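Trainee: Need coordinates for the following:
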Amino acid sequence: MNDLAISVRDLGKQYRIGGRRERHETFLSALAAAMSSPLRRLGRIGKPVPDEQNFWALRDVSFEVNRGEVLGIIGRNGAGKSTLLKLLSRITAPTEGRMEIHGRLGSLLEVGTGFHPELTGRENIFLNGTILGMKRREVSRKFDEIVDFSGIEQFLDTPVKRYSSGMYVRLAFAVAAHLEPEILVVDEVLAVGDVEFQKKCLGKMSEVAEGGRTILFVSHNMAAVQSLCHRAILLDHGSIEKEGDTASVLQHYLVGSSLTSHKVWSPEQRPGNGSFRVNSVRLLDLTGSEVSSINISDDLIVEIGYEVIKQGPVGFSLIMFDADARVLFSSLSNTEKFYYGKPLPPGQYKSTCRLPGDLLNSGRYYFSIVGFSAHWSEMFTVDRAVAVEAVDDGILRGDYYGGFGGSIRPRLAWQTAALDSVDVLMQRKAGENSSS
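Mentor: Prediction:
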């Protein structure tokens, strides 16, 4: 039996951007324009080309995935990750190259993909099963599991056009994971769900992988990629920059990137959701100056500037990685007691998180930001927003010149006390009794 699940060779996808397209109000005007287009092309010979260009979203991509393998696909926004999954899911056709899919493929690419808005949740479950090539009795056998996993039983007979984005994701993932496709393709859609449901989804994907099915997983959550994926591919500007075991690819992604101590977005590119948008992320010292490196004994402040568009609660989670892509800690903004959990009126805000000195070891560290609205809804991730270099100033070393292991190096309180002879005798006697 062939162990190959997916084979991709020299795959490419080109889009045409820019330029103006004529709109035709009637069929007759469209037909007349089509018949006259050869004449128009002749008339354009020797004249300037309209303002349009071809853009390669994906180019010369080749890789293979074996049955039962979990492949992580990572990269910055616009690297071509979603385009690749759309090609594999046959949502769009490639411009060049070829791909072979061995087995039934189920996709979860965007909220509501594959759902008919006018049909109920119950009807869409059976519709998705039919699209996957399953018989009605096969879908019926899994129906109760799907509904139980999704947690939206009371809305099952409601048209899905009335579902919230979170409900869409719950039902879509439940369908995709339980209808037993040989290959499961999952894009960064779990960010819409709440934390509890994300954990359920990651657990289900682990279960699916252990069952011998193949998973392609796109995520900005480096911890999830590291724990779930056997192998990873790093895409950059539509091409594969690195492929290999997950740890080495993640390290290359983090260490090899040209991150700065501040990130500012234009109004059109600001990450966020319908409630608020992030304007900037900066690393500051205690004087308020931007810093790209700090002494390990210095405090560090992470500042997040954002705009509230629709009144409501706003929250953040700060996630810190070391150079090996290991998560060192996550910190929630719920320790801020004045504004956290309260509806913020529209306007400009900033939130800060202060890291104490004498915490980090020397090396490079990265910060990701997770933003969320009320009750952890509408989550989004700003992956590797900023980075800092921690430098050992030598103050704590004393006369030791060797290396210190570990990603953190906290300054802990030590104490020494002299014992009198009675204490020493009692300790020795206790040791003798325990050994006998």
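Trainee: ranges for the helices of the stretch 151-300 of the chain?
Mentor: Secondary structure of the stretch 151-300 of the chain (DSSP state H, counting those that start in this stretch): helices at 165-178, 195-210, 222-228, 246-255.
Trainee: give me phi/psi at the spatially closest residue to residue 121 that is not a sequence neighbour?
Mentor: Excluding the flanking residues, the one nearest residue 121 by Cβ to Cβ, 6 or more residues apart in numbering is residue 156, at 4.7 Å. In this view, the C-beta of every residue, glycine as well, is placed from N, C-alpha and C. Phi and psi for residue 156, reported as degrees, to the nearest 10, are phi -60, psi -30.
Trainee: any low-confidence regions in the stretch 151-300 of the chain?
Mentor: For the stretch 151-300 of the chain, the stretches flagged by pLDDT under 70 are 188-195, 223, 254-259.
Trainee: ok so, going back, could you check how far the residue nearest to residue 121 is from residue 164?
Mentor: As judged by Cβ to Cβ, to the nearest Å, residue 156 and residue 164 stand 15 Å apart.
Trainee: These two - which one has more neighbours?
Mentor: It is residue 156, of residue 156 and residue 164, that has more neighbours when counted by other Cβ atoms under 10 Å, with 17 against 14.
Trainee: so how far is residue 180 from the more buried one?
Mentor: 21 Å.
Trainee: Residue 304 now?
Mentor: Counting by Cβ to Cβ, the gap from residue 304 to residue 180 is 42 Å.
Trainee: With neighbour numbers in mind, choose between these two.
Mentor: Higher neighbour count among residue 304 and residue 180: residue 304, with 23 against 17, using other Cβ under 10 Å.
Trainee: what's the closest non-adjacent residue to the more buried one?
Mentor: Nearest residue to residue 304, sequence neighbours excluded (Cβ to Cβ, 6+ apart): residue 351, at 4.9 Å.
Trainee: Quick one: name whatever helix or strand follows the helix or strand hosting that neighbour.
Mentor: Using DSSP states H and E, the element containing residue 351 is strand 347-355. As assigned by DSSP H and E, the chain's next helix or strand after strand 347-355 is strand 363-372.
Trainee: Give the buried residues for that next one.
Mentor: By neighbour count on 16 or more other Cβ atoms under 10 Å, the buried set for strand 363-372 is 363, 365, 366, 367, 368, 369, 370, 371, 372.
Trainee: tell me the angle whatever helix or strand comes next after that strand makes with helix 246-255.
Mentor: Following strand 363-372 in sequence order, the next helix or strand is strand 380-391 (DSSP H and E). Angle of strand 380-391 versus helix 246-255, following axes from the mean of the first three to the mean of the last three Cα atoms, to 10 degrees, is 80 degrees.
Trainee: ok now strand 380-391, how far from the chain's centre?
Mentor: For strand 380-391, the gap between its own C-alpha mean and the chain's C-alpha mean amounts to 14 Å (Cα atoms, centre = their mean, to the nearest Å).
Trainee: what helix or strand does the closest residue in space to residue 99 that isn't next to it in sequence sit in?
Mentor: Leaving aside its sequence neighbours, residue 99 sits nearest to residue 8 (Cβ to Cβ, 6+ apart; 4.8 Å). Element membership for residue 8, per DSSP H and E: strand 4-18.
Trainee: what lines up beside that strand in the sheet?
Mentor: Strand 4-18 pairs in its sheet with strand 52-66 (antiparallel), strand 96-101 (antiparallel), by DSSP bridges.
Trainee: Which among these is found nearest to residue 346?
Mentor: strand 52-66 (34.9 Å; Cβ to Cβ).
Trainee: Moving C-terminal from the closest one, which element do we reach first?
Mentor: strand 70-74.
Trainee: The residue nearest to the spatial centre of the chain and residue 421, how far apart?
Mentor: By Cα atoms, centre = their mean, the chain has its centre lying nearest to residue 220, at 2.2 Å. Computed with Cβ to Cβ, the distance linking residue 220 and residue 421 is 62 Å.
Trainee: re earlier: now the strand holding residue 8, how far from the chain's geometric center?
Mentor: Here strand 4-18 is found 22 Å from its chain centre; the criterion is Cα atoms, centre = their mean.
Trainee: could you give the mean pLDDT of it?
Mentor: Averaged across strand 4-18, the pLDDT comes to 88.
Trainee: and if you look at stretch 353-367?
Mentor: 91.
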